[in-house]
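A.B. asks: below: sequence and its predicted model.
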Amino acid sequence: MPVLNRIAAYSEEMKGWRRHLHANPELSFDCHNTAAYIVARLKEIGVDEIHPGIATSGIVAIINGQGEGPTIGLRADMDALPIAEISGAEYASTIPGKMHACGHDGHVTMLLGAAKYLAETRRFAGRVALIFQPAEEDGAGGMAMVNEGIMDRFAVKQVYGIHNAPNVPFGHFLTTPGALMASVDTAYVRLTGKGGHGATPHECVDPVVALVGMISAVQTIIPRNVYALDEAVVSVTMVHAGTASNIIPEEGMFAATIRCFKPEVRALLKKRFYEIVEGHAAAYNVKAQIEYDWGYPATINHAKEAAFAVEVAQEVVGKDAVNGDAAREMGSEDFSYMLEARPGAYLFMGTGPGAGLHHPAYDFNDEAAPVGASFFARLVERAQPLA
């Protein structure tokens, strides 16, 4: 596999970076120690500018090339998940209940590896903006960084990101023009009835019966309201009611995750969800409170930039290892906000067999870091070549 020779020479150093990050996970926007570690590495690498404290703990670092030119953005997320690790690795999380179960430690390492190479060689024009982002898993850190003006402040013209993909063949890249990942919205429904004895339901207003009716009904939204070729998901993922077998509870609740690719489908799903819940609440004589969290938009690759990223990936790993027309998926990503702000593309990179993302035994494959770093480096050199 034609990993750049100079980056291959960093392999052991990169492994050390990644394992330190893995052992010291932080959540959401509270990535201050992670950011401090990244800043220390960036100073060692010799980047030209370091701008910390963006969106609480995010960083943008600048590497200047040779001569005038635009700025290309490369993004890595750096937050972990609230999961207790069971990997058994010697570098496993040292913080109970937190772990890097999605490979963001690997993403940071890939971007640091690319930064080291680009700062040493500078075989490109213009500038590179290295974007280290908090709160991808929870909190929309991508939106926060965009809202704090990083695209304008650093004159970013295009932006790219990678996500590792366990159980995809090692070193294979997957992407597609247009929608790659779904939007995600979350609905919480709280019902209030009238509690009482289970032996006298006629004296009560039972929220459990209403819950059952609502949950069954919202499952009809997709097959009966959405065009069959417009992929969408409504999954009820939480139900809570009651404390004992002989008590009709006063309250109950359920929650659902709602995902699709098109804005008009997204609006339809919300409309029908409200209509069904409110209609059933009236039918069952309960009060319904709906909290509908409008979450990350769909991750939509720009066609030109996606095609360019495919060319670069083919150069790094070979044509047979790159699928530029991959199936889109129902997962979501707040890199979507950066793609709404600037042209760019997002890709998956296979890391070979292993536990899946968000699994307590997951561990990023260190052998993949030089591959991702090489992709980032060649992307810059190809996008902004020297005259």
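C.D. replies: In hand now; what should we look at?
A.B. asks: endpoints of stretch 316-326, how far apart?
C.D. replies: This stretch, stretch 316-326, spans 18 Å end to end (CA to CA, to the nearest Å).
A.B. asks: what residues sit buried inside it?
C.D. replies: For stretch 316-326, a neighbour-count test (16 or more other CB atoms under 10 Å) marks V316, V317, A321, V322, N323, G324, A326 as buried. C-beta here means a position set from N, CA and C on the backbone, and glycine is covered the same way.
A.B. asks: and for stretch 119-132?
C.D. replies: So, applying 16+ other CB under 10 Å, buried residues of stretch 119-132: A119, R122, F124, A125, G126, R127, V128, A129, L130, I131, F132.
A.B. asks: ok, of those residues, which one's closest to Y296?
C.D. replies: Nearest to Y296 among these is I131, at 16.8 Å by CB to CB.
A.B. asks: which of the helices or strands spans that closest one?
C.D. replies: Take DSSP states H and E as the rule and I131 turns out to sit in strand 127-133.
A.B. asks: show me where the stretch 251-387 of the chain has helices.
C.D. replies: For the stretch 251-387 of the chain, helices defined by DSSP state H, counting those that start in this stretch occupy the ranges 263-284, 303-317, 335-341, 369-383.
A.B. asks: how many degrees apart are the last one and helix 303-317 in direction?
C.D. replies: Angle, helix 369-383 to helix 303-317, by axes from the mean of the first three to the mean of the last three CA atoms, to 10 degrees: 130 degrees.
A.B. asks: what helices or strands is helix 369-383 leaning on?
C.D. replies: With contacts taken as 3 or more CB pairs under 8 Å, 6 or more residues apart in numbering; DSSP states H and E, helix 369-383 sits against helix 5-8, helix 11-23, strand 71-77, helix 104-121, strand 156-166, helix 303-317, strand 344-352.
A.B. asks: redo that, cut-off 7 Å
C.D. replies: Here helix 369-383 touches helix 5-8, helix 11-23, strand 71-77, helix 104-121, strand 156-166, helix 303-317, going by 3 or more CB pairs under 7 Å, 6 or more residues apart in numbering; DSSP states H and E.
A.B. asks: give me the contacts around that helix.
C.D. replies: 1, 3-4, 7-8, 11, 14, 18, 72, 74, 106, 109-111, 113-114, 117-118, 123-124, 128, 160, 162, 171, 309, 312-313, 315-317, 349 (CB atoms under 7 Å, 6 or more residues apart in numbering).
A.B. asks: which of the residues in stretch 350-366 are classified as buried?
C.D. replies: G350, T351, G354, L357, H359, Y362, D363, F364, N365, D366.
A.B. asks: any idea which of the helices of the stretch 251-387 of the chain is most buried?
C.D. replies: Most buried of the helices of the stretch 251-387 of the chain, by mean neighbour count (mean count of other CB atoms under 10 Å): helix 369-383, with a mean of 26.
A.B. asks: returning to that earlier point: and the furthest pair within the buried residues of stretch 119-132?
C.D. replies: Largest pairwise distance in the buried residues of stretch 119-132, by CB to CB, is 23.3 Å, between A125 and F132.
A.B. asks: out of the helices and strands packed on helix 369-383, which comes closest to T192?
C.D. replies: strand 71-77 (38.8 Å).
A.B. asks: what lines up beside that closest one in the sheet?
C.D. replies: When sheet partners are counted by DSSP bridges, strand 71-77 sits next to strand 127-133 (parallel), strand 156-166 (parallel).
A.B. asks: and the longest one, what's its mean pLDDT?
C.D. replies: For strand 156-166, the mean pLDDT works out to 98.
A.B. asks: show me what it is in contact with.
C.D. replies: Identification of contacts with strand 156-166 by CB under 7 Å, 6+ apart yields 70-75, 103, 106-107, 110, 129, 150, 174, 305, 309, 335, 338, 342-351, 354-357, 362, 364, 368, 372, 375, 379.
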